[in-house]
Each structure stands twice: as structure tokens, then as C-alpha cells.
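Visitor: Below are the sequence and a predicted model; questions follow.
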Amino acid sequence: MKEKTDTRTAVTWGALAVFIAAPALLLATGHDTIKPSSDSDKELSLWGAVLPALAGMLLIRAIPPRAPALLAEVGDRRVLHRQTTALALIAFVWPLALFLASIAGHQALIRDIWALAKPLVFLILPVVLMRNLRPGGEPDPFRLRPAWWPRRSWQWLAPVPAVLVFGWLHLAGPFSAPLPTSADYPDPAVLAVGATLTFFTANVLEEVFFRGMLQTRLEALFGRWPGILLASLLFAWLHLPTHGQGGGLPLTLGAIVAFQGVFGLLAGYLWSRYRNLWAPIAAHTVVNTVPLLLM
């Protein structure tokens, strides 16, 4: 038991140190604004990335009740370890491979396969692996089905204030970035296709994988907050190939942790607190899709 507690403590403080070091690095190097993505010509204030997520998390903490852990009892923890390791490897290796390809000058290839490959990488491959990592037909320690449509009304109502406040601060708050204009997407057909693809491949699939599949298992192994922190860092790592900031790898890592990683904390806390996967999907939609619809 003491060894398990020590592991949880080490994971928690190590991950927290990364989240503190990232904005500190940006501020120390004079980068108090960051690009939401590498192909954007707009910049977001560092506070515009951090403060809306923190405000949302405070509201999540203030509004009870809290859902129980989905993996409170696990029969064979070896299955859980194997599944978690496989999912973590997918989350780490896929962005690393794309990042190395971008260094080699294949940026066009990455743009072509980034969204189209996500159903394979974040849904089909994990489902196949989860099935094959259960020897002898042993039941899966986690089923995603209850997360798709929670039966308790408070699981739907309680996340609403946090998502709304986060959305308002992110889109129209004092530190929010300028909304896109028609000049950014001159063709309505391109805009419609882009918004639809973004919703399904990013807002839905990324939340299913990083929160529903990966974070839940990390929580079962290390506890709620270590699981949230680790899943958020891997979620930030996902954006390494497409969110390079210029100025070298340390600055890019600091930016994705401060922007996507901090958003991952909000999404992860929504999922852990309420066990309604549509809550982090809604928050993700605020970031990725709502600005396009407001055009």
C-alpha cells in the first residue's frame, strides 16, 4: 500500500511540476502570447489559455455531487496494466511519428492524414487492442457504454455552468483571441466540411480516447488526479506535430502544455467529476468548432 501511495504522490507532483514549468518558461522567455495552432496567424494570450480553464475547474469543484470511479473494483490488474500501457503507447508514439515526419519535410502529408487517420488510431486500433489484451475471453474491466448516456439528471445539469463560463471566457473574455473572419475560410463549403470533420475527429474521438479510454484506466491505476494529469499531458503531446511555435522544441512543448494541456485538465476534471462524456465533448466543441460557426 505504501508503494502504491508513493507512486501516486510521485506521479502527481511530477506532472504538476510540468504544468507549472510550462507557463513559467513562456513568461521567462517573453512569450506571453501563443498561437492556438502552427497554421494560425492569430495569437492567444497565455492568460486567455489558462484562466478560462481554471474558472471552469473551480465551478466543477463547487458544484456537487461527484460521480464514483468507473473502475472501483478490478479483478485482474494485469489486464488493466496491459491495456493502459497499450493506450499510452498509442498516445505517445503516433504524435512522435508525425513530428519526426514533419522534421523530415513531410508537412503536406501530415495535413492530409491528420484528421483522416484519427478514427483508425483513436478508435479502431484501441478497440482491437483492448479485446486482444484480455486472455481467455476475460471481461473488459471498463465499458464505455454508461458514459454515452448517463441516466442521472444531475450528470447532465451539473456540468452546464462550468462549460458555459469556460466558453464565454474563451470566446469573449478579456483575454480571448480574435474570432475568425470570413477571410480565414472564404469558401462556405470548406468551412462546413472542416467544422464537421473537426467535430467528429477531434471533439468526439479525442475525448473518447483520451478521457473515456485512457484517463479512466489511469485513474484506476494511480487515482483520480494523477490520472487526470497524465492524460492531460499525453493530450498536450498529441498536438506536437501541428502546433509548433517556432523557437525550438522547449518553447513548443511549453506552449502545448500551457494551451492544450491546461484545456485537458478542464476536460479531464469534467469527465472524472460527472462521468458524462458529452461534457468534455461540449467544452472541446467550444474551442474547436464554435468559433467557426460564429462566422
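Guide: Done, it's in.
Visitor: how far away is the nearest residue to L44 once chain neighbours are set aside from P291?
Guide: Using Cβ to Cβ, 6 or more residues apart in numbering and skipping the chain neighbours, the partner closest in space to L44 is A177 (4.1 Å). All C-beta atoms are positioned from the backbone trio N, CA, C, and that covers glycine. Distance from A177 to P291, counting by Cβ to Cβ, to the nearest Å: 9 Å.
Visitor: what residues are up against the residue nearest to L44?
Guide: 36, 42-45, 48 (Cβ atoms under 8 Å, 6 or more residues apart in numbering).
Visitor: now do V286
Guide: 163, 166-167, 170-171.
Visitor: Please, a ChimeraX command that selects the buried ones among the contacts of A177?
Guide: Buried members of the contacts of A177, defined by 16 or more other Cβ atoms under 10 Å, are picked up in ChimeraX with:
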select :36,43,44,45,48
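Visitor: could you dump the contacts of A177 to TSV with secondary structure and pLDDT?
Guide: Below are the contacts of A177 laid out as TSV (DSSP: H, G, I helix; E, B strand; the rest coil; pLDDT from 0 to 100):
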residue	secondary structure	pLDDT
P36	coil	65
K42	coil	71
E43	coil	80
L44	strand	84
S45	strand	89
G48	helix	91
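Visitor: Put together a markdown table for the contacts of A177, with distance to P68 on each row.
Guide: Formatted as a markdown table, those follow (distance: Cβ to Cβ, whole Å):
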| residue | distance to P68 |
| --- | --- |
| P36 | 35 |
| K42 | 41 |
| E43 | 41 |
| L44 | 36 |
| S45 | 38 |
| G48 | 34 |
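Visitor: ok, so of the contacts of A177, who is nearest T196?
Guide: Comparing these against T196 with Cβ to Cβ places P36 closest, at 19.5 Å.
Visitor: one step back: look at the residue nearest to L44 and give its secondary structure.
Guide: coil (DSSP: H, G, I helix; E, B strand; the rest coil).
Visitor: Now it, what are its backbone angles?
Guide: phi -80, psi 160 (degrees, to the nearest 10).
Visitor: Against A258, how distant is it?
Guide: Taken as Cβ to Cβ, the span from A177 to A258 is 14 Å.
Visitor: what does L27 give?
Guide: On the measure of Cβ to Cβ, L27 and A258 end up 10 Å apart.
Visitor: more crowded one of these two?
Guide: Comparing L27 with A258 by other Cβ atoms under 10 Å, the one with more neighbours is A258, at 25 against 13.
Visitor: residue boundaries of the helices in the stretch 51-200 of the chain?
Guide: 77-103, 107-113, 118-119, 125-132, 145-148, 153-157, 160-172, 188-198 (DSSP state H, counting those that start in this stretch).
Visitor: Now do the fifth one, average pLDDT.
Guide: Mean pLDDT, computed over helix 145-148, is 58.
Visitor: what's around T33, how many residues?
Guide: T33 has 17 neighbours, counted by other Cβ under 10 Å.
Visitor: didn't F175 look like it was pressed against E43?
Guide: No. The criterion here is Cβ atoms under 8 Å, and F175 misses it with E43 at 11.3 Å.
Visitor: what residues are shared contacts of those two?
Guide: Between them, F175 and E43 share no contacting residue, judged by Cβ under 8 Å, 6+ apart.
Visitor: re earlier: of the contacts of A177, closest to V204?
Guide: After measuring the contacts of A177 against V204 - Cβ to Cβ - the closest member comes out as P36, at 19.5 Å.
Visitor: Count the residues that sit near A69.
Guide: Neighbour tally, A69, other Cβ under 10 Å: 15.
Visitor: For it, give its distance to D187.
Guide: A69 is 46 Å from D187, by Cβ to Cβ.
Visitor: still on that earlier bit, for L251, find the nearest of the helices of the stretch 51-200 of the chain.
Guide: Between L251 and the helices of the stretch 51-200 of the chain, the tightest spacing by Cβ to Cβ is seen for helix 77-103, at 14.4 Å.
Visitor: how big is the angle separating the closest one from helix 125-132?
Guide: 150 degrees (axes from the mean of the first three to the mean of the last three Cα atoms, to 10 degrees).
Visitor: would you list the helices of the stretch 51-200 of the chain in JSON lines and tack on mean neighbour count?
Guide: JSON lines is the format used below for the helices of the stretch 51-200 of the chain (neighbours: other Cβ atoms under 10 Å):
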{"stretch": "helix 77-103", "mean neighbour count": "17"}
{"stretch": "helix 107-113", "mean neighbour count": "13"}
{"stretch": "helix 118-119", "mean neighbour count": "17"}
{"stretch": "helix 125-132", "mean neighbour count": "14"}
{"stretch": "helix 145-148", "mean neighbour count": "14"}
{"stretch": "helix 153-157", "mean neighbour count": "14"}
{"stretch": "helix 160-172", "mean neighbour count": "18"}
{"stretch": "helix 188-198", "mean neighbour count": "13"}
